[in-house]
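**Q** this one's structure only:
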Ligand code: GUN
């Protein structure tokens, strides 16, 4: 058996095309949705992610009000910028790329963002609303995963979903979304403290790998017929590639292909969905402003 490969790149392109249409309608009403992406420092993976977000903004016709700040930027300088963007009525979304340099307190920075412009869905107000199933910005990667599951027709209701990883960006919010009434999965969250990980992953109808460890999920950790969603993006050395590295997920893709029913590749799986959901969240923010003006 060979799994169906979920083409996140194509699904994301469809979402972006829908967003572009709505952006064009808003522009006709005199409002151009605008996102401010703030990058501090030059971490190569972050630079690459931010470039992808900027490219998507151009593609959907939104305004890009991004900032690239030196790694020496202080926490106060960053928070001052955020306050300025909070007050700027032409800016509808603010995203501070994580991780931040170690001298900056990430939680303090996230809490400085106006929750109504927090299109990343990282502010505690948005996280709280997500938990109690009230309207909010959903974090982009978990939202993208839920979209892919639905789009592929993978039933979450009654399924046992196992999430490997408990990061604030992916594992924790995704486990909440899967367990919410509108998804109704039974959820196990595995992490570095989990004993006998394989015995738990083998029970998964839906297995989400979000640990950030290259190819840690081997074929024998997957139940035959499971849907496998690989959120990992890891750079591994590859002398045959012009860049000297290549991207792999947390799942041993080639081996898993023979066991799973569905699988997302890396790249072109979950990654493009994160950006598509960011565009959608920014559009929603601008539409809210348009309704209230
Ligand atoms: N770093 C890795 N993923 C993300 C994301 O979705 N948002 C932000 N702000 N930083 C990230």
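**A** All right, it came through fine. The model shown is predicted, which means the values in this text are computed figures rather than measured ones.
**Q** so for the helix or strand that contains residue 77, mean pLDDT?
**A** Residue 77 belongs to helix 75-87 when assigned by DSSP states H and E. Averaging pLDDT along helix 75-87 gives 98.
**Q** same deal with stretch 185-196?
**A** 98.
**Q** ok and the residue in this structure nearest the ligand?
**A** residue 98 (3.7 Å; CB to the nearest ligand atom). C-betas here are computed from N, CA, C, even on glycine.
**Q** need the residues of the stretch 51-200 of the chain near the ligand, please.
**A** 95, 96, 97, 98, 120, 140, 141, 169 (CB under 6 Å from any ligand atom).
**Q** and if we set it to 5 Å?
**A** Proximity of the stretch 51-200 of the chain to the ligand, by CB under 5 Å from any ligand atom, involves residues 95, 97, 98, 120.
**Q** tally of neighbours for the closest residue in space to residue 86 that isn't next to it in sequence?
**A** Among residues not flanking residue 86 along the chain, residue 114 sits closest, at 4.3 Å (CB to CB, 6 or more residues apart in numbering). Residue 114: 15 surrounding residues under other CB atoms under 10 Å.
**Q** what segments of the stretch 51-200 of the chain are helices?
**A** 75-87, 106-112, 124-131, 140-151, 171-179, 197-201 (DSSP state H, counting those that start in this stretch).
**Q** any chance of those helices in a markdown table with distance to residue 29 and mean neighbour count as columns?
**A** Below are the helices of the stretch 51-200 of the chain laid out as a markdown table (distance: least, CB to CB, whole Å; neighbours: other CB atoms under 10 Å):
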| stretch | distance to residue 29 | mean neighbour count |
| --- | --- | --- |
| helix 75-87 | 22 | 16 |
| helix 106-112 | 30 | 16 |
| helix 124-131 | 26 | 17 |
| helix 140-151 | 25 | 23 |
| helix 171-179 | 32 | 22 |
| helix 197-201 | 49 | 17 |
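**Q** contacts for the helix holding residue 77?
**A** 36, 38, 40, 65, 67, 69, 91, 94, 96, 100, 103-105, 108-109, 112-114, 117 (CB atoms under 8 Å, 6 or more residues apart in numbering).
**Q** so among those residues, which ones count as buried?
**A** 36, 38, 40, 65, 91, 94, 96, 100, 104, 109, 112-113, 117 (16 or more other CB atoms under 10 Å).
**Q** is it true that the residue nearest to residue 86 touches residue 93?
**A** No - look at residue 114 against residue 93 with CB atoms under 8 Å: they stay out of range, at 10.2 Å.
**Q** quick one: pLDDT of residue 1?
**A** The per-residue pLDDT reported for residue 1 equals 70.
**Q** for it, list the residues it contacts.
**A** So residue 1 contacts 224, 258, 259, 261 (CB under 8 Å, 6+ apart).
**Q** one more time with 7 Å
**A** residue 258 (CB atoms under 7 Å, 6 or more residues apart in numbering).
**Q** sorry, back to before: from residue 272, how far off is the residue nearest to the residue of the chain closest to the ligand when sequence neighbours are not counted?
**A** Spatial nearest neighbour of residue 98, excluding adjacent residues (CB to CB, 6+ apart): residue 106 at 6.4 Å. Residue 106 is 25 Å from residue 272, where distance means CB to CB, to the nearest Å.
**Q** who's residue 236 bridged to?
**A** residue 246 (DSSP bridges).
**Q** would you agree it is in contact with residue 214?
**A** Yes - using CB atoms under 7 Å, residue 236 is in contact with residue 214, at 5.5 Å.
**Q** find residues that contact each of these two.
**A** Jointly contacting residue 236 and residue 214 under the rule CB under 7 Å, 6+ apart are residue 248.
**Q** neighbour-wise, which of the two wins?
**A** Neighbours per residue, other CB under 10 Å: of residue 236 and residue 214, the larger number sits with residue 214, 17 against 11.
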